[in-house]
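1. sequence and predicted structure are below.
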There are 2 protein chains.
Amino acid sequence: MVTIGDVAREAGVSRSTASYALSGKRSISPEVREKVEQAVRQLGYTPNAGARALATSQTKVIALLARFLDDEFAPAMLQYILGVTNEARELGYDTLLVSEEDGVSALKRISDSRMADGFVLLNVAERDDRLDILRAASQPGALVGLPAETAGVDVFDLDFEGAGRLMVDTLHDLGHRELVLVSQPEHVLERGGAYVWRLANAAADRAAELGVLLHPYFGSSTQPQIGRDLSAFLDAHPSATGLLLNNEAAAAALPSVLHERGLSSPHDLSVIGRYSDDFARTFSLPYSAIDSAAAELGRRAVEHLVSRIEGSTDAGTTVVDLIAPRIDDRGSIAAPPTQH
Amino acid sequence: MVTIGDVAREAGVSRSTASYALSGKRSISPEVREKVEQAVRQLGYTPNAGARALATSQTKVIALLARFLDDEFAPAMLQYILGVTNEARELGYDTLLVSEEDGVSALKRISDSRMADGFVLLNVAERDDRLDILRAASQPGALVGLPAETAGVDVFDLDFEGAGRLMVDTLHDLGHRELVLVSQPEHVLERGGAYVWRLANAAADRAAELGVLLHPYFGSSTQPQIGRDLSAFLDAHPSATGLLLNNEAAAAALPSVLHERGLSSPHDLSVIGRYSDDFARTFSLPYSAIDSAAAELGRRAVEHLVSRIEGSTDAGTTVVDLIAPRIDDRGSIAAPPTQH
DNA sequence: CTGAAAGCGCTTACAG
DNA sequence: CTGAAAGCGCTTACAG
């Protein structure tokens, strides 16, 4: 193993001079710098990460705490992860991926052993028991997902309330006056997914303001039950002209449901979903949808985390950054069919 | 930060005694051990990972080098990753997830800086330029995916040749004599996916041995083109009674293709796929298939890697472990329809 | 069974 | 502009 001592000897300088020549933290004569750099190239020197971490108290590692929930769409999870790892690398950090069931003890272990300079928590629930540990940790943390209590942490999430309003506004502007909203099943809420409520409540409020009739439902998260659910909802509201889906399984099942009923979108029914672009691609879904912005959320969380690690962010104030919803138009939105 | 010095002081012993009491590497009187353990609990001591790594030359970290290819099914990738992280944790290791485009320089960086004790490479191609670096590295490595040259590395993969034979044997035993095989598109081969050839060639050889007529094709990897491809293949071979799919997109498109043609499986056509269980679940696919065994491959790679890191595996010999193919029966295989 | 000391490979005040 | 030395927090021969 080649150390900075080898480099110093090869360059004919002291170890401290070699170190400073590489870090640039004090002025070095051009000749010495050149000799050191040549020695580095010649010997193929790379600093030992453990030694550097010990000396500087900086690991240049970010720990990513992931939670994998049963009926979650895996590509979406992967997009969060890639958003984090790619942005981290760009900022000079490596990523420790932690997938343990027991996120609390994992967080404690990594924090106490100082394996990472900061944490990104994925899939944060309304009440997330990892947060107490995180707040007590000496490293900063960024969350993807909005918990009930945001004090002391930076939070990044899609603006689900804005998403609910955008769905209703968009169809109202086109002339729709009766809509069906299909949310994820209630067990998703139970495990802490308050975002389902946030979207549904905001949509209901906006609909009430605008005089739009909105029928809210929970649908199953599995095939083929969700197909039957959708049929029942549409049967119950034959005059509804718009369908809002905050439920991935529903979006995947809808094409065959519409086919069976002899309906087409947007001619008979305008449809707006809320899922990731990957999801749309995997299933070749033709519905306009509000993107989950998974990679972007991961990126923003890391960007902010690193600025906190490196001390360029005010320690006193924390951030709640809700990404503005945007509809990816795939042509499933139009004016309602004219009555005749 | 609480160090082993704090623990030693609290317990009234020397630092070395505290260290040995915790590691158990030399005999310690019961009273001293108890005092040390109590001090640890009281102070909440966790060893500093960087310091330990520096002292022992062991990081207890495994680096996972992932490559993300365009038309790959993300849940399958995630299963490999989770297989690795979960098994690693079980064996006392954390996982550094490296997703850089430039796997060669990433591998070099992590290896030279000694951030990890070993490497798992995912998605290894026939000729993979990461392998030269890996062979020169001082840490051992395990591959998921079979390269042309396996010297010096441990390799884990599905037995694709066995898979091709198993597909043909299974249908031959039931009385089928004419089959269509749809492989992934040729661009998958170009980027190094020799497994496509391995399966196709072994299937062809076995078919020839058994006197089975096998029509091999490449199909598109995208909708809706693959649907048209499938229709064309079936049109071209109206007397074929079995369909073998080494192409995920084809499996996803097949239900609607069969529906359009008024065919049902296995009554009119026996079908065997080759994809992950997750893939089947995501698309609610009813076809019997050989599982990709992603998580299992990740687990085996880590298990073997750790035994190499810890020196319990003979350094002289390397392993090529091909998982025996197994058909998950989903009821799409039967005897061919009787002629009339 | 225990302690004092050296050493892992860095960085960074301290001195000149 | 450069060097000698201390220190980061561990582990582990060496000595008793």
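-> Looks like it came in fine. Residues are numbered from 1 along each chain as shown, chains lettered A, B, ... in the order given.
2. what parts of the stretch 51-200 of chain A come near DNA strand C?
-> Taking Cβ under 7 Å from any atom of the strand as the criterion, the stretch 51-200 of chain A approaches DNA strand C at residues A:51, A:52, A:54, A:55, A:56. C-beta here means a position set from N, CA and C on the backbone, and glycine is covered the same way.
3. all the helices of the stretch 51-200 of chain A, residue numbers only.
-> Ranges of helices in the stretch 51-200 of chain A, per DSSP state H, counting those that start in this stretch, are A:74-90, A:103-113, A:130-136, A:160-173, A:186-190, A:195-210.
4. please apply the same query to the stretch 201-340 of chain A.
-> Listed in chain order (using DSSP H, counting those that start in this stretch), the helices of the stretch 201-340 of chain A are A:225-236, A:248-261, A:277-282, A:294-309.
5. quick one, grab the pLDDT at the residue nearest to residue A:162 when sequence neighbours are not counted.
-> By the measure of Cβ to Cβ, 6 or more residues apart in numbering or on different chains, the closest residue to residue A:162 outside its immediate chain neighbours is residue A:325, 5.0 Å from it. pLDDT, residue A:325: 97.
6. what about residue A:74, neighbour count?
-> Other residues near residue A:74 number 21, with proximity taken as other Cβ atoms under 10 Å in any protein chain shown.
7. what of residue A:150?
-> Summarising burial for residue A:150: neighbours were counted as other Cβ under 10 Å, giving 15.
8. the one 4 residues further on too?
-> Other residues near residue A:154 number 22, with proximity taken as other Cβ under 10 Å.
9. next one: the one 10 residues further on
-> Residue neighbour count, defined by other Cβ under 10 Å, stands at 28 for residue A:164.
10. poorly predicted segments of chain A, please.
-> A:339-340 (pLDDT under 70).
11. ok, back up a step: kindly reformat the residues of the stretch 51-200 of chain A next to DNA strand C as TSV containing neighbour count and distance to residue B:40.
-> Listed next are these as TSV, based on neighbours: other Cβ atoms under 10 Å in any protein chain shown; distance: Cβ to Cβ, whole Å:
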residue	neighbour count	distance to residue B:40
A:51	17	25
A:52	17	27
A:54	19	21
A:55	13	25
A:56	10	26
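12. so which of these are also by chain B?
-> Among those, the residues lying close to chain B (Cβ under 8 Å from any Cβ of the partner chain) are A:51, A:54.
13. check contacts around the nearest residue to residue A:48 once chain neighbours are set aside.
-> Here the nearest residue to residue A:48 in space, its sequence neighbours aside, is residue B:114; by Cβ to Cβ, 6+ apart that works out to 5.5 Å. For residue B:114, the set of contacting residues under the criterion of Cβ atoms under 8 Å, 6 or more residues apart in numbering or on different chains consists of A:1, A:48, A:49, A:50, B:53, B:57, B:59.
14. let's go with 10 Å and repeat that
-> Shown in contact with residue B:114 (Cβ atoms under 10 Å, 6 or more residues apart in numbering or on different chains): A:1, A:46-51, B:53-54, B:57-59, B:61, B:138-139.
15. using the record's assignment, carve chain A into domains.
-> Per automatic domain parsing, the domain ranges recorded for chain A read A:4-47, A:61-158+A:294-323, A:160-291.
16. now do the same contact list for the residue nearest to residue A:162.
-> Taking Cβ under 10 Å, 6+ apart, one finds A:158-167, A:199, A:274, A:290-293 in contact with residue A:325.
17. please repeat the previous calculation with a cut-off of 8 Å.
-> If a contact means Cβ under 8 Å, 6+ apart, then residue A:325 has A:158, A:159, A:160, A:162, A:163, A:166, A:290 as its contacts.
18. from those, list the buried ones, please.
-> When burial is judged by neighbour count using 16 or more other Cβ atoms under 10 Å in any protein chain shown, the buried members of those are A:158, A:159, A:160, A:162, A:163, A:166, A:290.
19. any idea how far the fourth one is from residue A:202?
-> According to Cβ to Cβ, to the nearest Å, residue A:162 and residue A:202 sit 7 Å apart.
20. same check on the third one?
-> Relative to residue A:202, residue A:160 is positioned 7 Å away (Cβ to Cβ).
21. please apply the same query to the second one.
-> Distance, residue A:159 to residue A:202, by Cβ to Cβ: 9 Å.
22. residue of the stretch 101-250 of chain A with the smallest distance to chain B?
-> Across the stretch 101-250 of chain A, no residue is closer to chain B than residue A:112, which sits at 3.5 Å (Cβ to the nearest Cβ).
23. for that residue, list the residues it contacts.
-> Contacts for residue A:112 were tallied using Cβ under 8 Å, 6+ apart; they are B:44, B:46.
24. switch to 6 Å and redo it
-> For residue A:112, the residues meeting the contact criterion (Cβ atoms under 6 Å, 6 or more residues apart in numbering or on different chains) are residue B:46.
25. residue A:119 now?
-> Residues in contact with residue A:119 (Cβ under 6 Å, 6+ apart) are A:63, A:141.
26. ok, it to DNA strand C distance?
-> 23 Å (Cβ to the nearest atom of the strand, to the nearest Å).
27. cool, residue A:266 as well?
-> As judged by Cβ to the nearest atom of the strand, residue A:266 and DNA strand C stand 60 Å apart.
28. for that residue, which non-adjacent residue is spatially closest?
-> Nearest to residue A:266 is residue A:334, by Cβ to Cβ, 6+ apart, at 3.7 Å.
29. from residue A:212, how far out is the one you found?
-> For residue A:334, the distance to residue A:212 equals 16 Å [Cβ to Cβ].
30. and the contacts of stretch A:171-191?
-> The set of residues that contact stretch A:171-191 without belonging to it, under Cβ under 6 Å, 6+ apart, is A:196, A:200, A:203, A:210, A:212-221, A:233, A:237, A:239-247, A:250, A:270, A:335-336.
31. stretch A:289-300 close to chain B?
-> No - interface with chain B: stretch A:289-300 contributes nothing (Cβ under 6 Å from any Cβ of the partner chain), its closest point being 11.1 Å away.
32. pull out the buried positions in that stretch.
-> Within stretch A:289-300, the residues that qualify as buried are A:289, A:290, A:291, A:292, A:293, A:294, A:295, A:296, A:297, A:298, A:299, A:300, counting by 16+ other Cβ under 10 Å.
33. correct me, but residue A:97 touches residue B:96?
-> No - contact criterion Cβ atoms under 6 Å: residue A:97 and residue B:96 do not qualify, at 7.5 Å.
34. if you count neighbours, what's buried in stretch A:52-67?
-> Residues of stretch A:52-67 classed as buried under the neighbour-count rule (16+ other Cβ under 10 Å) are A:52, A:53, A:54, A:59, A:60, A:61, A:62, A:63, A:64, A:65, A:66, A:67.
35. let me redo that: stretch A:97-114
-> A:97-100, A:103-104, A:106-114.
36. try stretch A:184-193
-> Neighbour counts over stretch A:184-193 (16+ other Cβ under 10 Å) mark A:184, A:185, A:188, A:189, A:192, A:193 as buried.
37. between those residues, which is nearest DNA strand D?
-> The shortest distance between DNA strand D and any of the buried residues of stretch A:184-193, using Cβ to the nearest atom of the strand, involves residue A:192 and amounts to 34.6 Å.
38. give me the distance between that closest one and residue A:249.
-> Per Cβ to Cβ, residue A:192 is found 19 Å from residue A:249.
39. got it, and residue A:228?
-> According to Cβ to Cβ, residue A:228 stands 12 Å off from residue A:249.
40. okay, the two: which has more neighbours?
-> Between residue A:228 and residue A:249, counted using other Cβ under 10 Å, residue A:249 has the larger neighbour count: 26 against 14.
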